Structures are given as C-alpha cells and as structure tokens.
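> build the 3D model from these lines:
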Amino acid sequence: MSDNTHLLTDEQMKDFIVNGYISVHTNLPSSVHKNIYKQTETVFEKEGNPGNNLLPRIPVIQEIFDSPPVQGALRSILGEEPYLQPHRHCHYNSPGSKGQKMHQDGGKRWSHHTRRLLAFYYPQHTPLELGPTGILPGSHYYNTPEGVRTIEECPLCGEAGTVVIVNYDLWHRAMPNLSDKKRYMMKFLFLRMSEPRKPSWDNQQTSWGSEDTGNHRRMFNHVWNWHGGKTGGQAPATSHTDIPERIEALGSDSEPTGLAAAYALSEFGAQAVPALVETLSTESEAKRRNACYGLSAIGEPAVEALIDALQDRNEGTRASAAEILGDIGPHAQPALPELIRAVQDESEQVRAHAAEALGTAGQMESTAVPALSLALQDENDRVRRNAALAFARLGHFARDAVGTLQAALTDENRYVRADAAYTLYRIGTPEAREVLLQFLTTSRWCSLTTPENTY
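Just a heads-up that it's a prediction; the model follows:
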C-alpha cells in the first residue's frame, strides 16, 4: 500500500496494542449512513435479523469497509490482505433494554498475536443513553473475570459512520438502551492471512520505547515486535536462578501476575524452555495457559522441544504443543513433518490445532497440502474449519488442492464452504476461478427477493 495517509501511526499502533481497540470514521457522506439505517429498519421489520446475510441483504454496507480510513486501519493491524470472514451480525439494542453481561466472543486462543479483529459499525448517532457497545480496554490479554475486574468500562459512543476496530478477544457487551430509540450495530470479523514480516502501519520507530506500561511492558514489547516481523525469541537472560520461582508464579491466582511471569520467563530464551514445556502437562489451566504465552514469545528456540512434546502421551500436552507451534508461525517450519502427522492424531483437539498450525508455520510452501486435504474430510467440523482456514492462508501454494476444495464447497458447515471459496479466489489459477465461478453462480443469493417480492 503506497499511500500512507490512512495507515495508523506508531502511537496509534501502540494504543491499539495496549488497549485493544481504535475508532475511525469513514469519509462517506451522512446520506450513506442514513440509507443503511433505513434499509436495516426495513429488513428487521419485514424479515427479521439477516444474520450472516447482512452484507448481501444490504450491499451498501460494503462501502463502509472499502473506505480508505477503515482499510488503512485494518491493513495496519492485519497486513496487506485482511480477510472479511463470512460471519457477520447486526446487533439490535431495543429501547429500554437492560444490556448484556461482559463477555468474550467464542474461540478464545491462548495467543496474544493479532490474527482476528472485530469491526463495529454504527449507522446512527450513538450516545451513551442509546446503549452503545461497552468494552474493557486492555482486557484482550485476559481470560477470566478475575483478570478484568479492576478495568473500568469504556462506552464506544460515536457519530453515524463510526467504525471501532477491536481485538477479537476484548471483553465487551451491549450497554443498556435508556432511550426510546432503536440502536443498530453491525459486527464484522476480519482475519490476518499472512504472518507479519515487517511493519504494515506507518512505522517510524524501531522499538517499543521506554514508555511506562507497568508489569506488562515485556508483553507489549513482544506484541509490538511480532507486528513488526521481529520474532524468534529474545536475548537470553544472564542467569537462570529465577526460573523456578517464575514457573511457580505462572499459576498465580492473579491473572496479571501469571502473565507477567510468562513474559519474564520468555527473556530467558532457551534456558526456560524445558521448564515451560514440562508445565504444559500440569493440571492447572492457568499455569498451562501462561506457559503457552511464554513459549510463543520465546519462539524459534522452543521449536525443537515442542516437536518432542507433539509425541507426548498426554493429549493436552500434544494439543498445546501444536497450538504454540502454530502461534510461533514461520519460525516453526522445522515442525511441519510432526504437525502433518498430528493431523491424524486420535484426539480431535490435537488434530484441530495441528491443522490450524499448518496454515501459519507452513504458509510459504505446499508441503502441508496433502495433510490439509485429509483434514478437510475429518468427521469433526472444527478440524475441517481449521483446515479450510489454513488452506486460505496457503493461497496459491494450495493450487494442487482445487479438487479437494471443490468438494468442500458442499460441506455441511457454512464456514468450511466460505473459506474453501476464498481459498479458490486466492489460488487464482484458471481452474480455481472456474470452480469458484460455478459455485457462486449456483449459490447466488438475491437481495431483492423478499416475501412481498418473490420474482
């Protein structure tokens, strides 16, 4: 992207890394948002919530995500080809509603690397009394209510046309609608397709800097480096005498304390790997989770030990090893043979994590294609979904799988179908495009067809 005008600045990226959200405003005229609001009201009154058909039902919404300010923010965080996933939903907050409880959306992964974003769009002016989305800034790093209990709620108020780009793991809710007006918010999901190799925002600073970010400075610094393509482990600490104490702290009742210990351990590099890998088999979920964060931050120096862990007797250890190797990404390329074998593991959890990992660790080659083709026929739909997404990340390296992807276009899972279609688009060969066009022609959904106008 040659025009840096709408890319995020270093300060904006730092703010996103720390707080997990950023607000932008489209450069579209107000008439566009009024039109979207009017169409939304009509659809809800006559047909109900269109769910995943939101975009084909109200096609003008695509203009929101095509606008340069929104595209610039998405590309800054997710790289040059953010993928608009098939899941989307219009969240209606009725007049007088009591709101929701704080929650994270499903599919939480033990990773702090930004591969998923939510985009919230308001087609109407949304002050506090209208019940905007409320978020807990910085909560995307936490997994438990205890971890976020001290964070003050921030209402995402905004004018019509406001788009708030949010880390997928950020805790959020619909706030009470105290007015007598209807509130609509369109939620869309975007995914990263390529692992970062260099900064994708308007980057001027070479390092995180000396900002006082408390106990999580190491964590923020790691996420900043990952976004900039600097991965593979930090410089080892000079002494390993503190490792046992910090391993114990991984299981602290305080989630912030456990996180701080995980990233402190990552600075020991290879010295901390044996103890962290051993922790993957503990019964404490908090300890296992924080060990995953620490090993992911160590990166390449942990790969060999994680390859061995893929053969552990313990199902949870094997699953965690596969997940971490996928989170490490291209530096875990030496693990591809074992990840390929893990796609046939007896455990559905291991197979699912291994399939997903092949899309990040092996995305720059075609080695994983036969294994992913097998996973795309798995009896478990989570395995198939992860395999379909991994294929999408392989892009043109999956060109020998066109036949397999064509079969996946009739899968019983809607997201397997959609990701298979997107993979065919990314492959881009004449054969792939012909299969894709045939599928799109027969599955065409007509936005003009309604119960009142059937032909």
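> quick check: Asp400 vs Thr367, distance?
The gap separating Asp400 from Thr367 is 11 Å, by Cβ to Cβ, to the nearest Å. All C-beta spots, glycine's among them, are computed from the backbone N, C-alpha and C.
> neighbour count winner among those two?
With neighbours defined as other Cβ atoms under 10 Å, Asp400 and Thr367 compare such that Thr367 has more, 18 against 12.
> quick one: which helix or strand includes the more buried one?
Using DSSP states H and E, Thr367 sits in no helix or strand.
> and the gap between it and Ala392?
Going from Thr367 to Ala392 by Cβ to Cβ gives 17 Å.
> repeat for Ala375
Note on Ala375: its distance to Ala392, by Cβ to Cβ, is 13 Å.
> do a quick rundown of the strands in the stretch 101-250 of the chain.
Remark: strands assigned in the stretch 101-250 of the chain by DSSP state E, counting those that start in this stretch are 116-121, 133-135, 154-155, 162-167, 172-174, 183-191.
> just the helices from the stretch 101-250 of the chain, written as ranges.
Taking DSSP state H, counting those that start in this stretch as the test, the helices found in the stretch 101-250 of the chain are 145-148, 217-227, 243-249.
> what's the closest of these to Glu267?
For those, the distance to Glu267 is smallest for helix 217-227, at 6.7 Å, taking Cβ to Cβ.
> just for the stretch 201-350 of the chain, where's the confidence low?
By pLDDT under 70, the low-scoring segments of the stretch 201-350 of the chain are 211-213, 232-240.
> let's go with 80 and repeat that
Residues of the stretch 201-350 of the chain that meet the criterion pLDDT under 80 lie in 209-215, 231-241.
> output the longest strand belonging to this protein.
strand 83-93 (DSSP state E).
> give the pairing partners of it; include direction for each.
Looking at strand 83-93 with DSSP bridges, its partner strands are strand 183-191 (antiparallel).
> so which of the helices of the stretch 101-250 of the chain gets nearest Arg116?
Arg116 lies closest, by Cβ to Cβ, to one member of these: helix 217-227, at 13.9 Å.
> going by neighbour count, list what's buried in the closest one.
By 16 or more other Cβ atoms under 10 Å, the buried positions in helix 217-227 come out as 217-227.
> same question for stretch 29-43.
32-33, 35-37, 39-40, 43.
> hang on, Phe65 packs against Ala73?
No. Between Phe65 and Ala73 no contact is recorded; they are 10.5 Å apart, counting by Cβ atoms under 8 Å.
> the two: who's more crowded?
More crowded of Phe65 and Ala73, by other Cβ under 10 Å: Ala73, with 26 against 19.
> that one: what's it in contact with?
Residues in contact with Ala73, defined by Cβ atoms under 8 Å, 6 or more residues apart in numbering, are 6, 8, 22, 24, 163, 165.
> just the closest of those to Ser443, please.
Taking Cβ to Cβ as the measure, Ser443 lies nearest Val163 of these, at 28.6 Å.
> can you list the domain ranges for this protein.
Following the assignment in automatic domain parsing, the chain carries domains at 10-191, 212-356, 365-455.
> reformat these as CSV; add distance to Thr206.
Output for the domains of the chain, formatted as CSV (distance: least, Cβ to Cβ, whole Å):
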stretch, distance to Thr206
domain 10-191, 10
domain 212-356, 9
domain 365-455, 28
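> tell me which of those sits nearest to Pro199.
domain 212-356 (4.6 Å).
> quick check, central residue of the chain?
With distances taken as Cα atoms, centre = their mean, Arg116 lies nearest the centre of the chain, 1.7 Å away.
> what residues does stretch 417-435 touch?
Stretch 417-435 is contacted from outside by 83, 85-86, 193, 376, 385, 388-389, 391-392, 394-396, 398-399, 401-402, 405-406, 408-411, 436, 439-440, using Cβ under 8 Å, 6+ apart.
> could you redo the last one with a cut-off of 6 Å?
86, 388-389, 391-392, 395-396, 398-399, 402, 405-406, 408-409, 411, 436 (Cβ atoms under 6 Å, 6 or more residues apart in numbering).
> out of the residues you listed, who's the most crowded?
Counting neighbours by other Cβ under 10 Å, Phe391 leads those with 32 neighbours.
> least confident pick among the contacts of Ala73?
Within the set of the contacts of Ala73, pLDDT is lowest for His6 (93).
> that one: what's it in contact with?
Applying Cβ under 6 Å, 6+ apart, the residues near His6 are 68-69, 72.
> where is the longest helix in this protein?
Criterion DSSP state H: the longest helix present in the chain is helix 30-46.
> list the buried residues of whichever helix or strand comes after that one.
The first helix or strand that comes after helix 30-46 along the chain, using DSSP H and E, is helix 54-57. Residues of helix 54-57 classed as buried by neighbour count (16+ other Cβ under 10 Å): 54-55, 57.
> pLDDT on helix 54-57, on average?
On average, the pLDDT along helix 54-57 is 93.
> for that helix, give me every contacting residue.
Applying Cβ under 6 Å, 6+ apart, the contact partners of helix 54-57 are 43, 50, 61, 88, 90, 445, 447.
> let me see the contact set for the closest residue in space to Asp378 that isn't next to it in sequence.
Distance criterion Cβ to Cβ, 6 or more residues apart in numbering; nearest residue to Asp378, sequence neighbours excluded, is Arg384 at 5.3 Å. Listed by Cβ under 6 Å, 6+ apart, the contact set of Arg384 reads 376, 378, 416.
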